[in-house]
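Chemist: quick one, what's the 3D model for this:
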Amino acid sequence: MAHHSPLIGTVVAGLVLAFVFGTLANRLKISPLVGYLLAGVVVGPYTPGYVADQGLAGELAELGVILLMFGVGLHFSLKDLLSVKGIALPGALAQTTIATLLGMLLAKLFGWNWSTGFVFGLALSVASTVVLTRSLQERRIMETERGRIAIGWLVVQDMVMVLALVFIPAMASVVNNGTAFDVSDLAQTLAITIAKVAAFVALMFVVGRRVIPEILHYVVHMGSRELFRLAVLAIALGVAYGAAELFGISFALGAFFAGMMLSESTLSQRAAEESLPLRDAFAVLFFVSVGMLFNPKIIIEHPGPLFATLAIILIFNPIAAYLIVRLFGHPISTALTIGASLAQIGEFSFILGGLGLALKILPQEGEDLILAGAIITILVNPFYFVAVTYLKKRLQIIDRTVLTKAPPPPEEPEEIPETSLTNHAVIVGYGRVGTILGARLKAENQPYLVIEDRKQAAETIRQSGIEVVQGNAADPRIIKAANLPGARWLFIAIPDGFEAGQVAEQARKLNPKLDIIARAHSDAEVEHLEKHKANFVIMGEREIAYGMLEHAFGAFPAEPQPDNSEAQPS
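Modeler: I've put the predicted structure just below:
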């Protein structure tokens, strides 16, 4: 028998070259995603040498999308989804509409008709699921309010695209055949599609919310890790495939809901860990498959149209998203994060481009521009997140004067009432860690207040009888309102250690004697927090190990050092 096949060749070439180029990208201090894309270009049909099977690569990439969105769902509860509906729903619809209209205007300048422009503009409006989630995970902001808004925004966009895939064939028949636009048939088809989506969501909330966790709990009591891992994969892939086949939902959306139904289970963290290796491997193949679509000749043959296409994705989409988020009253950091998240396009854009080409309402040049736009924007997108911190400071004056439609403040912005507490504790972030801290402080009869930047969460905390200051803890007004100069402890419980460093730095300037206690997830975050004068930094994984060793051998007088006795001369 043959010792190779297109499947094996595609997987091996994709992963090996992705590793090589990803490593080079990492050494150059840029995102490994850039390396993965370049690996795809190398094995693609438009460059000399070995050519991987493009069809197989695309199908393997779908597995990566399914597992990635399942993992996102595991960290995203129904409560989280509903908490951002007020901004995600109108925001996504408004931004998608603006981008589509800009695409139609650009198509008109190219000499294309309105139907071509509609498909083209729609393809430029929808962000990539994989790129967005990977960017949020790399920066540890998936579980923040910014991350929840971005994911909610993405869910709304996916639902819009599901309806668009129903509308476009009906539109194509009118354009190509010159038939009358049958509004009743289209309305009936759209109604059926909406009913299918609603039925799937209802089924997941009513049945899946109970059945999926029970399946995993049953398997875990069997004591087989192999079966548990298999059960996780079967649930993720099975629900995603069933959603696509039975309800017409995208694989990504189906997998996301499957993960979300499991998120409230105590086994959600273990499920995430078991699916992680395959998830990362197939996600890499997604970027390789995207790179294979890129035809470098588009840059030489159509530089003007390509530049205009990139302008919509990289300039107008982020600006529209930023303005929308700010107009809804969210802080600059949130608006910048959402804007950066939407400065790229991906998998749904490919689907729309391919469908438009197959239905003969989009020329080959249009699909080439969509593909080139996706590749280039995915390459550029990591740098947008790097620029977020820089832009945040520069936009403070513009934010106060233009977006709020108010004249520049003569002195200081509006003051927030200061707490009457003294010798108290301050908790920054009231998630899973913060609530545990609050419960212990309450048991010790220690006065405390909470700083929380999520509006709805802050209101919920306030209704429970806990004093809360809503806003960013690094804001001098928030610090003053929390009376950090008169506080005894500052517990920084937010998950982003680098963002926590800014809080610690501000707090230390105001109160040199304040006991600052923070959390971290890596040695780099520990070093960053200590550099910014935190008294005590806890890295979760390390403390778990110490707790286990303390139980087994008693408390360590100091951190255990590696045994190098064999390396020493006798």
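Chemist: switch to C-alpha atoms for all contacts and neighbour counts from now on
Modeler: OK.
Chemist: for residue 127, which three-state class applies?
Modeler: Classification of residue 127 into helix, strand or coil gives coil, according to DSSP: H, G, I helix; E, B strand; the rest coil.
Chemist: may I have the residues that are in contact with residue 293?
Modeler: When contacts are counted by CA atoms under 8 Å, 6 or more residues apart in numbering, residue 293 is found next to 40-41, 44-45, 371.
Chemist: can you pick out the ones from the residues you listed that are in helices?
Modeler: Of the positions in the contacts of residue 293, 40-41, 371 sit in helices, assigned by DSSP state H.
Chemist: neighbour-wise, which one of these leads?
Modeler: Each of the ones in helices among the contacts of residue 293 was scored by neighbour count (other CA atoms under 10 Å); the top score is that of residue 40, with 31 neighbours.
Chemist: thinking again about what came up before, could you provide the contacts of residue 293 in CSV, with additional columns for distance to residue 342 and pLDDT?
Modeler: Compiled in CSV, these are given as follows (distance: CA to CA, whole Å; pLDDT from 0 to 100):
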residue, distance to residue 342, pLDDT
40, 23, 88
41, 23, 87
44, 26, 85
45, 29, 85
371, 16, 84
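Chemist: closest to residue 191 out of those residues?
Modeler: Closest approach between the contacts of residue 293 and residue 191, by CA to CA: residue 371, at 31.2 Å.
Chemist: contacting residues for the closest one?
Modeler: Residue 371 makes contacts with 293-294, 350, as judged by CA under 8 Å, 6+ apart.
Chemist: same question, residue 105
Modeler: Remark: with contacts taken as CA under 8 Å, 6+ apart, residue 105 is in contact with residue 117.
Chemist: which helix or strand contains the spatially most central residue of the chain?
Modeler: Taking CA atoms, centre = their mean as the criterion, residue 133 is the residue nearest the geometric centre of the chain, at 3.2 Å. Using DSSP states H and E, the secondary-structure element containing residue 133 is helix 129-138.
Chemist: would you mark the buried spots in that helix?
Modeler: 129-136 (16 or more other CA atoms under 10 Å).
Chemist: and that helix, what does it pack against?
Modeler: In terms of contacts (3 or more CA pairs under 8 Å, 6 or more residues apart in numbering; DSSP states H and E), helix 129-138 is packed against helix 54-74, helix 145-177.
Chemist: so of these, which one's packed in deepest?
Modeler: The highest average neighbour count among the helices and strands packed on helix 129-138, using mean count of other CA atoms under 10 Å, belongs to helix 54-74 at a mean of 24.
Chemist: run the chain-centre distance for the next helix-or-strand element following it.
Modeler: Past helix 54-74, heading to the C-terminal end, the next element that is a helix or strand (DSSP H and E) is helix 78-83. For helix 78-83, the distance from its own C-alpha centre to the chain's C-alpha centre is 15 Å (CA atoms, centre = their mean, to the nearest Å).
Chemist: over to stretch 241-253?
Modeler: Average the C-alpha atoms of stretch 241-253, do the same for its chain, and the two points are 21 Å apart (CA atoms, centre = their mean).
Chemist: which residues does it contact?
Modeler: Contacts with stretch 241-253, where a contact means CA under 8 Å, 6+ apart, come from 62, 65-66, 69-70, 129, 155, 158, 162, 193, 196-197, 199-200, 240, 254.
Chemist: sec struct for residue 517, please.
Modeler: With three-state DSSP as the basis, the three-state label of residue 517 is strand.
Chemist: give me the beta-bridge partners of it?
Modeler: residue 491, residue 536 (DSSP bridges).
Chemist: point out where the stretch 51-200 of the chain drops to low pLDDT.
Modeler: Scanning the stretch 51-200 of the chain with the threshold set as pLDDT under 70 gives 75, 140, 143, 176-183, 185-186.
Chemist: repeat the analysis, applying 90 as the threshold.
Modeler: By pLDDT under 90, the low-scoring segments of the stretch 51-200 of the chain are 51-86, 88, 110, 113-115, 128-152, 154-200.
Chemist: shouldn't residue 85 be in contact with residue 154?
Modeler: No. Here residue 85 lies out of contact with residue 154, judged by CA atoms under 8 Å, at a distance of 11.5 Å.
Chemist: that older thread, will you turn the ones in helices among the contacts of residue 293 into TSV that also has distance to residue 387?
Modeler: Compiled in TSV, those are given as follows (distance: CA to CA, whole Å):
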residue	distance to residue 387
40	27
41	27
371	25
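Chemist: let me have the helices and strands packed on helix 129-138 in JSON lines, extended by distance to residue 356.
Modeler: Compiled in JSON lines, the helices and strands packed on helix 129-138 are given as follows (distance: least, CA to CA, whole Å):
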{"stretch": "helix 54-74", "distance to residue 356": "18"}
{"stretch": "helix 145-177", "distance to residue 356": "8"}
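Chemist: closest one to residue 321 among these?
Modeler: For the helices and strands packed on helix 129-138, proximity to residue 321 was assessed by CA to CA; helix 145-177 is nearest, at 10.2 Å.
Chemist: and that closest one, what does it pack onto?
Modeler: Helices and strands touching helix 145-177, by 3+ CA pairs under 8 Å, 6+ apart, are helix 78-83, helix 85-110, helix 114-123, helix 129-138, helix 183-203, helix 332-341, helix 347-358.
Chemist: how about low-confidence regions in the stretch 451-570 of the chain?
Modeler: Across the stretch 451-570 of the chain, residues meeting the criterion (pLDDT under 90) sit at 452-486, 493-513, 519-570.
Chemist: next helix or strand past the helix or strand in which residue 441 is found?
Modeler: Applying DSSP H and E as the criterion places residue 441 in helix 432-443. Counting by DSSP H and E, the element after helix 432-443 in chain order, helix or strand, is strand 448-452.
Chemist: can I get that next one as PDB, trimmed to CA atoms?
Modeler: Included here for strand 448-452 are C-alpha records, laid out as PDB according to Å, rounded to 0.1, in the frame of the first residue of the first chain:
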ATOM      1  CA  TYR A 448     -14.700  46.500  52.100                       C
ATOM      2  CA  LEU A 449     -15.800  47.900  48.800                       C
ATOM      3  CA  VAL A 450     -15.600  46.600  45.300                       C
ATOM      4  CA  ILE A 451     -14.300  48.300  42.100                       C
ATOM      5  CA  GLU A 452     -16.000  46.800  39.100                       C
END
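Chemist: each with direction, which strands does that strand pair with?
Modeler: Each strand pairing with strand 448-452, determined using DSSP bridges, is listed with its direction: strand 425-428 (parallel), strand 468-470 (parallel).
Chemist: okay, the angle between that strand and helix 432-443?
Modeler: Orientation check (axes from the mean of the first three to the mean of the last three CA atoms, to 10 degrees): strand 448-452 against helix 432-443 gives 160 degrees.
Chemist: how are the strands of the stretch 251-400 of the chain distributed by residue range?
Modeler: When assigned using DSSP state E, counting those that start in this stretch, the stretch 251-400 of the chain turns out to have no strands.
Chemist: what ranges does it have for its helices?
Modeler: In order along the chain, the stretch 251-400 of the chain carries the following helices (DSSP state H, counting those that start in this stretch): 251-262, 268-292, 297-301, 303-311, 317-327, 332-341, 347-358, 364-394, 396-398.
Chemist: now render those as CSV, adding distance to residue 417.
Modeler: What follows is the helices of the stretch 251-400 of the chain, written out as CSV (distance: least, CA to CA, whole Å):
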stretch, distance to residue 417
helix 251-262, 38
helix 268-292, 40
helix 297-301, 56
helix 303-311, 44
helix 317-327, 23
helix 332-341, 22
helix 347-358, 47
helix 364-394, 24
helix 396-398, 22
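Chemist: which of those helices has the lowest average pLDDT?
Modeler: When the helices of the stretch 251-400 of the chain are compared on average pLDDT, helix 396-398 comes out lowest at a mean of 52.
Chemist: can you pull the phi/psi pair for the closest residue in space to residue 128 that isn't next to it in sequence?
Modeler: What sits nearest to residue 128 in space, not counting adjacent residues and going by CA to CA, 6 or more residues apart in numbering, is residue 346, at 4.1 Å. Taking degrees, to the nearest 10, you get phi -160, psi -130 for the backbone angles of residue 346.
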